[in-house]
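heads up, no residue letters with this:
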Ligand SMILES: N=c1c2ncn([C@@H]3O[C@H](COP(=O)(O)OP(=O)(O)OP(=O)(O)O)[C@@H](O)[C@H]3O)c2ncn1[C@@H]1O[C@H](COP(=O)(O)O)[C@@H](O)[C@H]1O
């Protein structure tokens, strides 16, 4: 798998997922993860929304360092949302890998077709 200049990799995400699982039932006075899980699912989702907005603002300002910082915040809080549902980062990476080489437009059309066949709304 390709790695960024700081050697971030799936291992980094998997290690973080392990830490999140270890901390989620911990002491809210000692752990941010535990504090957010104690506040509940809506609090986690609210943070995901906030961090997404902060990323948009950083990108609008073209502030490169802030974009990296806010994306890290967004990924981290998204991982809390994944943990809520027992989903590991590898599952998301596998979905991205599945999409490799498939045009986004083509993928969207296939998804719409599949949903129609299953009787869902596209
Ligand atoms: N990667 C992160 C990480 N990224 C961001 N954050 C926290 O997410 C919060 C982001 O909130 P904001 O930027 O909105 O600022 P804020 O004012 O602190 O937040 P609010 O009061 O608005 O809720 C900050 O408190 C950050 O410290 C993180 N907290 C923890 N981790 C990882 O999770 C591990 C476990 O953390 P603890 O549970 O705290 O031990 C750590 O070792 C890290 O690896």
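Cool, the structure landed. In this text the structure is predicted, and so the values were computed from the model without any measurement.

switch to C-alpha atoms for all contacts and neighbour counts from now on
OK.

in this structure, which spans are helices?
With DSSP state H as the criterion, the chain has helices at 10-23, 32-39, 41-60, 64-84, 89-99, 104-117.

For the residue sitting nearest the centre point of the chain, give its distance to the ligand.
In the chain, the residue lying closest to the centroid (C-alpha atoms, centre = their mean) is residue 78, at 3.4 Å. Applying C-alpha to the nearest ligand atom, to the nearest Å, the value for residue 78 to the ligand is 10 Å.

Local confidence estimate at that residue?
Residue 78 is assigned a predicted lDDT (pLDDT) of 98.

What about the closest residue to it other than its chain neighbours, how many residues nearby?
Spatially, and ignoring its direct neighbours in sequence, residue 78 is nearest to residue 48 (6.1 Å; C-alpha to C-alpha, 6 or more residues apart in numbering). By other C-alpha atoms under 10 Å, 21 other residues sit near residue 48.

Quick check: residue 48 vs residue 102, distance?
28 Å (C-alpha to C-alpha, to the nearest Å).

what sits against residue 88?
For residue 88, the contacting residues are 14, 17, 82, by C-alpha atoms under 8 Å, 6 or more residues apart in numbering.

just checking, the second one touches residue 87?
The one in question is residue 17. No: using C-alpha atoms under 8 Å, residue 17 is not in contact with residue 87, being 9.3 Å away.

Those two: who's more crowded?
More neighbours surround residue 17 than the other of residue 17 and residue 87, with 21 against 14 (other C-alpha under 10 Å).

Which residues are in contact with the more buried one?
79, 83, 88-89.

gap between it and residue 44?
Applying C-alpha to C-alpha, the value for residue 17 to residue 44 is 15 Å.

Residue 114 now?
31 Å.

more crowded one of those two?
Each of residue 114 and residue 44 has its neighbours counted (other C-alpha under 10 Å); residue 44 has more, 21 against 13.
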